[in-house]
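>>> Make a model of this:
(2 chains)
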Amino acid sequence: MAQSKTQFGYRRHPDQDRTGADLAEYHVVVVGAGPVGLSLAIDLAQRGQPVVLLDDADRIGEGSRAIMFSKRSLEYWDRLGVGNRMVGKGVGWSVGKIFHGASLLYQFNMLPEGGHKRPAFINLQQFHAEAYLVDRVQELSAIDLRWRNKVIGMDQRNDHVVLTIETPDGSYRMRASYVAACDGARSSLRQMVGAEFKGQVFEDQFLIADVKMTAEFPTERWFWFDPPFHAGRSALLHKQPDDIWRIDLQLNRYADSAFEKLPENVRPRIARMLGHDKFDFEWISLYKFQCRRMEKFIHGRVIFAGDAAHQVSPFGARGANSGLEDAENLAWKLDRVLRRISPEALLESYHIERSATADENIRESTRSTDFMAPNSHQEARLRQAVLSLARETEFGKRMINAGRPSVPSIYDSPLSTADCDAWRGGPRPGASMLDAPIAARSGSSSYLTDAFIKAGTRFTLLEFTNGAAVDSPEGLGVIRIGGNDGFSDCEGLVRSRYDAEPGTAYLLRPDGYVAARFRQPTRSALEGALARATGIN
Amino acid sequence: MALSTSSNFAKPDDAFRAVVEAHRGLNDEQSAALDAALVLILANHIGDLEVLREAIALAQRRMLAAGQQQQQQQ
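Below you'll find the predicted structure:
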């Protein structure tokens, strides 16, 4: 069975000798060095914020856990400087197949069009992702990562938080202007603020086994309803790097979990599925799902992100990916508030945007779970009707719900400026920017998402030239398409994906979402949109 | 109201009969399965969530009322 992949050392910090009025003070302390906390810390550090990152363990967790990382997450990790390593190691895929019994029912492609830098998804064990993020953290002197530092007390004052932290050398305290709680589904910070974590518990149990074997299955997501090797229930097969395969088998709600997760009891189930016994176990886990969220993601100066704030069933890959979206949403806002260039009220938009997304993720993953594990005889009949209709109707195929994989949400946000021009397409305000291929004047080709990073991952104007220079506010990044000094729209996909005409401009937020768009932007319109998007107006 | 409840068939008896005949010879389990498929096929044909929701509400309302009537008669 897998051991922890990476071990880190606890080191005593001089802060641990400071007491009373002499406590160390920091702008932002991130609690939890999982994918969300690590990414948030890197993002803040790249924006120039010193960050203390605390974790109660001293190693990266066992088991592959989250394995599907979305295109959106990869684009975020590109901005954090770790995208190439993730994609280099991960298994890219975009095709999913759904089987009923022994036969193929339906096949879908998550990213049927070309012209994107990143695939729809990669599969990558969470421990690999965390290891790469830790490597990146160690390149950034602005991040002070402290292992075996467990927050055991939190005292909120008017303008700061006092944290009490336990270490192998005893406890110490520090002050923080803001605390980002990324400490997972069992968040102890959530308990410290006394917040409820409300939602639905699902009774059905699922067995997850990561097995090591060499196999020639294609790199696709295969999902079975009622397969011959696991009658009456569902099964999933998915490839990870290192010849590891994720197998997910639905068990019944009365299964004895201690018995079911013994390797000698899992082995015959997997052997029936694969038709052979030539595999080793890497990780076995048995669990039930919960779908729940905090009512408020912000409690005073403590801001919750990732599983600490919201939890979903794994079908749809909406857990880690939505946590990473939390991080990218929060980092730039917190940075602006700490710099005092935006009012504290800007943070409220984090709660508004991300809690609405949490609701959407909970709704989607609840529907998937209910489809896989019907709650009544009639629900089972309706599902059976869908599966049998899918054999000869398109609508039946589309109704099959074996997990609706994560795509970026569209924010209904106070930061967005409503369209006042006519658009036939393109990402509307509140939607995420779309990638497309571009070429520099030198001829070298890249992508719009690369150009966004080069422009500084800040408020950026994506403009389609009409010969006249846009009179834009100071401090904006610029991506110019066309003209003598702009990028060439080498495949015409930027224009079509953005419904662009000469003069069109999109104002992108630092997290790559569209704040506003104009057919012919004026300086005052841009200033107004910028003020709104930064919480100033 | 988006749901049409006026009579839409020239010969309503034919429509009722077609559904009844589809269930002839089926046990309850088979009938329930047939109905499940039929509901989904017709819902997709209508293709309007609002109409579907109104239809569900009407069916629920009448089921509830019918249940109450039955109780009163007993």
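
>>> where does chain A dip in pLDDT?
For chain A, applying pLDDT under 70 flags the ranges A:1-5.

>>> Quick one: residues contacting the residue nearest in space to the middle of it.
With distances taken as C-alpha atoms, centre = their mean, the residue of chain A nearest its centroid is residue A:321 (2.0 Å). For residue A:321, the contact set (C-beta atoms under 8 Å, 6 or more residues apart in numbering or on different chains) comprises A:68, A:69, A:70, A:72, A:73, A:406. The way it works is simple: take the backbone N, C-alpha and C, and place the C-beta from them, glycine included.

>>> May I have the phi/psi pair for the first one?
This means residue A:68. Here the main-chain torsion angles of residue A:68 (degrees, to the nearest 10) amount to phi -100, psi 120.

>>> tally of neighbours for it?
Residues lying near residue A:68 (other C-beta atoms under 10 Å in any protein chain shown) number 26.

>>> Could you verify my assumption that it touches residue A:123?
Yes - at 5.9 Å, residue A:68 and residue A:123 qualify as touching, with contact defined as C-beta atoms under 8 Å.

>>> would you say the residue nearest to the centre of chain A is within a helix?
Yes - inclusion of residue A:321 in a helix is indicated when DSSP: H, G, I helix; E, B strand; the rest coil is applied.

>>> and the longest helix along chain B, anywhere near chain A?
The helix spanning the most residues in chain B, taking DSSP state H as the definition, is helix B:49-73. No - legend: contact between helix B:49-73 and chain A by C-beta under 8 Å from any C-beta of the partner chain is lacking; minimum distance shown is 12.9 Å.

>>> Looking at that helix now, give me its mean pLDDT.
Model confidence over helix B:49-73, given as mean pLDDT, is 88.

>>> Buried by neighbour count: which residues of that helix qualify?
Of the residues in helix B:49-73, those buried by neighbour count under the rule 16 or more other C-beta atoms under 10 Å in any protein chain shown are B:52, B:54, B:55.

>>> just stretch A:41-52 next, same as before
A:41, A:42, A:43, A:44, A:45, A:46, A:47, A:49, A:51, A:52.

>>> cool, stretch A:134-145 as well?
When burial is assessed from 16+ other C-beta under 10 Å, stretch A:134-145 yields the following buried residues: A:134, A:136, A:137, A:140, A:143, A:144, A:145.

>>> Just those residues: which are in strands?
Secondary structure defined by DSSP state E assigns A:143, A:144, A:145 of the buried residues of stretch A:134-145 to strands.

>>> Can you tell me which of the residues you listed comes closest to residue A:508?
residue A:143 (25.9 Å; C-beta to C-beta).

>>> wait, that closest one sits on residue A:43?
No - between residue A:143 and residue A:43 no contact is recorded; they are 10.5 Å apart, counting by C-beta under 8 Å.

>>> Please name the spatially closest residue to residue A:317 (chain neighbours excluded).
Counting by C-beta to C-beta, 6 or more residues apart in numbering or on different chains, residue A:68 is the residue found nearest to residue A:317 once chain neighbours are left out, at 3.7 Å.

>>> can you check residue B:48 too?
Excluding the flanking residues, the one nearest residue B:48 by C-beta to C-beta, 6+ apart is residue B:2, at 6.5 Å.

>>> That neighbour: how many residues sit nearby?
Other residues lying near residue B:2 total 12 when counted by other C-beta under 10 Å.

>>> what does residue A:20 give?
For residue A:20, the neighbour count with other C-beta under 10 Å is 6.

>>> just to revisit the earlier point, now the buried residues of stretch A:134-145 in TSV, with distance to chain B?
As requested, the buried residues of stretch A:134-145 are exported to TSV (distance: C-beta to the nearest C-beta, whole Å):
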residue	distance to chain B
A:134	47
A:136	45
A:137	47
A:140	49
A:143	48
A:144	52
A:145	49
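
>>> Ramachandran angles for the closest residue to residue A:459 other than its chain neighbours?
If you skip the residues right next to it in sequence, residue A:459 has residue A:476 as its closest partner in space, 5.4 Å away by C-beta to C-beta, 6+ apart. Residue A:476 adopts backbone torsions of phi -80, psi 140, taken as degrees, to the nearest 10.

>>> these two touch, right, residue A:476 and residue A:463?
No - counting by C-beta under 8 Å, residue A:463 is not a contact partner of residue A:476; they are 9.9 Å apart.

>>> what sits against residue A:142?
A:44, A:45, A:48, A:49, A:50, A:51.

>>> between these, which is nearest residue A:97?
Comparing the contacts of residue A:142 against residue A:97 with C-beta to C-beta picks out residue A:44 as the nearest, at 40.4 Å.

>>> phi, psi of the closest one?
Backbone geometry at residue A:44, expressed as degrees, to the nearest 10, gives phi -60, psi -40.

>>> Count the residues that sit near residue A:504.
Other residues within reach of residue A:504, judged by other C-beta under 10 Å, total 23.

>>> actually residue A:298, not the one I wrote
Around residue A:298 there are 20 other residues, counting by other C-beta under 10 Å.

>>> Surely it and residue A:352 touch.
No - proximity of residue A:298 to residue A:352 does not meet the contact threshold set by C-beta under 8 Å, at 10.1 Å.

>>> Where does the stretch 151-300 of chain A get nearest to chain B, residue-wise?
Of all residues in the stretch 151-300 of chain A, residue A:226 sits closest to chain B, at 14.9 Å by C-beta to the nearest C-beta.
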